[in-house]
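Asks: When you get a sec, could you give me coordinates for this:
(one chain, ligands or ions: 1)
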Amino acid sequence: MTVSVVNPATEETIATLESAGVDDADAAVAQAKAAFPAWRAVSPADRGRLLRRLATLVEEHHEELSRIESANAGKPIAGARGEVGMVADVFHFYAGAVDKRHGETIPVAGGIDMTFREPLGVVGLIVPWNFPLNIASWKLGPALACGNTVVLKPAELTPLSALRLAELALDAGIPEGVVNVIVGKGSVVGQRLVEHPDVAKIGFTGSTEVGRGVMEGAAATIKRVTLELGGKSANIVFADADLERAASAAPYAVFDNAGQDCCARSRILVQRGVYDRFAELLIEATRNVRVGDPSDDATEMGPLISSAHRETVRSFVETTPLFEGDAPDGKGFWFPCTIVEATPDDRIAREEVFGPVAALIPFDDEADAIRIANDSPYGLSGSIWTQNGARALRVARALETGVLSINSNSSVRVSTPFGGFKQSGFGRELGMHGLEGYSEVKNVYYSTEG
Ligand code: NDP
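Replies: As a prediction, this is how the structure comes out:
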């Protein structure tokens, strides 16, 4: 069995790889298991040095990795460069963090009580196709820093950057067997990692549906899981907001990465008094989004990942859109920026599209905005636009979502926690919180009597 890796902008096959099966998954787990004792014994400072070297190698191969990611995922090259820059920063962060996670001593009678943070062992990392290398690094950084060995399963659609990163990890001096990459179907090798008795934890990013299956599969061996799932985030614009700023930023909060972003603010909630004016400004700003050849430095939006995914996205546009932008004809899985007026009950306002389609929804007042925003099984991200600071904080506290931005649509940073509420998953990635998911607290009591 082989995997054909396709460039979504040209539909050309850019690589053909062997597709791994259950035996290959088992072999990768066995390799990771064999490498674990030596890797956990490397001192934290030395693990930090190796991660720092990996970060530096990612920087030195920045353009190469960006080109791989752009060709494989159809990402505009400028966006791919930003993502690869973040990958290096993530490894730098965890290189610095690794020896700053301390245990505790706890006052108890008759002796000394102390805690240690132990690695889990072999961890399985299952990542999607939308930000292949970036999301892999969010898991690899803390997993390796904590002393775990890993089996990384990229999405079959986008395996190339993970394979190159594994080579760079070896070049950095990270011992063989510590980072293993397998390319194969999620339902085969992903599922095997979930069920494998020697895998201690699964770090998963993907759909809520598959995430549910991962959680079920993990139950048999009481595996730890971190689930980073879907979203239907709200971008809430109050009448007192700087409308020009909010409207010029809004398209990039939903059309970036062609909308294939779990944080996409794909529900744009606008207070009624300014709804018409905001809609005009939003259309104007969306008209300016440059859609086209991902290898062009000026391009802001590329194609969707696959033909099948384009059909799914298309199925969400059930009414005449308020606005539809331009997109190239011919080869490539293109889809235009699309804005649809909706009510909170419409399918487009409730389900994750994972494509460049925004639902524009009016609201009456603060309570109404909170009610609509929270009326979703998801709770990943969101934005609040207002010049009233008290309102901004009130609404931020009331929203059932894991990451928020106020007067901005940017809420993902290397040093700050990222993750969802409700069916968007649980566990936190990035920042010091990211380390929590890759170690176990051990408590030791030492009697000083006798
Ligand atoms: P999936 O959840 O199907 O895939 C995510 C990862 O899980 C991939 O590596 C996939 O492998 C793997 N996988 C699939 N089935 C299993 C399984 N049974 N056990 C273990 N691993 C498995 O997402 P898709 O990529 O198909 O995207 C579908 C939808 O999911 C999107 O339209 C979007 O709504 C949502 N999504 C959300 C993401 C987010 O960041 N929150 C990211 C990606 C998707 P493979 O693909 O190789 O078979």
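
Asks: Endpoints of stretch 376-396, how far apart?
Replies: Start and end residues of stretch 376-396 are separated by 16 Å (CA to CA, to the nearest Å).

Asks: Use 57 as the first number for this chain going forward.
Replies: Sure, I'll start counting at 57 from here, so that last one is stretch 432-452.

Asks: Need phi/psi at the residue in the stretch 307-456 of the chain positioned nearest to the ligand.
Replies: For the stretch 307-456 of the chain, the residue closest to the ligand is C318, as judged by CB to the nearest ligand atom, at 3.0 Å. The way it works is simple: take the backbone N, C-alpha and C, and place the C-beta from them, glycine included. Main-chain dihedrals, C318, degrees, to the nearest 10: phi -60, psi -20.

Asks: For it, which non-adjacent residue is spatially closest?
Replies: G287 (4.7 Å; CB to CB, 6 or more residues apart in numbering).

Asks: Just say helix, strand or coil for that neighbour.
Replies: Of the three states, G287 takes coil under DSSP: H, G, I helix; E, B strand; the rest coil.

Asks: which parts of the stretch 157-306 of the chain sit against the ligand?
Replies: Counting by CB under 6 Å from any ligand atom, the positions of the stretch 157-306 of the chain adjacent to the ligand are 182-186, 209, 211-212, 241-243, 246-247, 250, 261-263, 266, 269-270, 284-286.

Asks: where's the residue nearest to the spatial centre of the chain, which helix or strand?
Replies: The residue lying closest to the centre of the chain (CA atoms, centre = their mean) is I191, at 4.8 Å. Element membership of I191 [criterion: DSSP states H and E] is helix 188-201.

Asks: what helices or strands is that helix leaning on?
Replies: helix 100-116, helix 118-129, helix 133-153, strand 178-182, strand 205-209, helix 216-227, strand 255-261 (3 or more CB pairs under 8 Å, 6 or more residues apart in numbering; DSSP states H and E).

Asks: Rebuild these as TSV, extending it with mean neighbour count and mean pLDDT.
Replies: Shown next, in TSV, are these (neighbours: other CB atoms under 10 Å; pLDDT from 0 to 100):
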stretch	mean neighbour count	mean pLDDT
helix 100-116	19	98
helix 118-129	22	98
helix 133-153	22	98
strand 178-182	28	98
strand 205-209	28	98
helix 216-227	20	98
strand 255-261	26	98
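
Asks: Mind giving me the PyMOL select for the residues of the stretch 157-306 of the chain next to the ligand, buried ones only?
Replies: Only the buried entries of these go into this PyMOL selection, using 16 or more other CB atoms under 10 Å:
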select buried, resi 182+183+184+185+186+209+211+212+241+242+246+247+250+261+262+266+269+270+284+285+286
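
Asks: follow-up on the earlier one: list the contacts for the residue nearest to the centre of the chain?
Replies: V183, P184, T261, E284 (CB atoms under 8 Å, 6 or more residues apart in numbering).

Asks: Now do the contacts for the closest residue to the second one other than its chain neighbours.
Replies: Read that as P184. Nearest residue to P184 in three dimensions, chain neighbours excluded: G262, at 4.7 Å (CB to CB, 6+ apart). The contact partners of G262, by CB under 8 Å, 6+ apart, come to I182, V183, P184, G242, E284, L285.

Asks: Which parts of the stretch 357-506 of the chain are strands?
Replies: Using DSSP state E, counting those that start in this stretch, the strands of the stretch 357-506 of the chain run over 379-380, 394-397, 413-419, 434-435, 438-441, 461-462, 477-478, 481-482, 495-503.

Asks: Can you tell me which of those strands is packed in deepest?
Replies: Greatest average neighbour count among these goes to strand 438-441 (a mean of 27), per mean count of other CB atoms under 10 Å.

Asks: Which residues of the stretch 307-456 of the chain lie near the ligand?
Replies: Going by CB under 6 Å from any ligand atom, the residues of the stretch 307-456 of the chain near the ligand are C318, E408, F410.

Asks: Just send those residues back as CSV, with pLDDT too.
Replies: Putting these into CSV (pLDDT from 0 to 100) gives the following:
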residue, pLDDT
C318, 97
E408, 97
F410, 98
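
Asks: Could you identify which of those residues has the most neighbours?
Replies: C318 (28 neighbours; other CB atoms under 10 Å).

Asks: List the contacts of that residue.
Replies: N186, T261, E284, L285, G286, G287, E408, L436, S437, S480 are the contacts of C318 under CB under 8 Å, 6+ apart.

Asks: do you know how far it is from A218?
Replies: 19 Å (CB to CB, to the nearest Å).

Asks: What residues of the strand or helix carrying D332 count as buried?
Replies: D332 belongs to helix 331-343 when assigned by DSSP H and E. If you call a residue buried by 16+ other CB under 10 Å, then helix 331-343 has these buried ones: Y331, F334, A335, L337, L338, I339, A341, T342.

Asks: can you list those in CSV and add pLDDT?
Replies: Listed next are the buried residues of helix 331-343 as CSV, based on pLDDT from 0 to 100:
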residue, pLDDT
Y331, 98
F334, 98
A335, 98
L337, 98
L338, 98
I339, 98
A341, 98
T342, 98
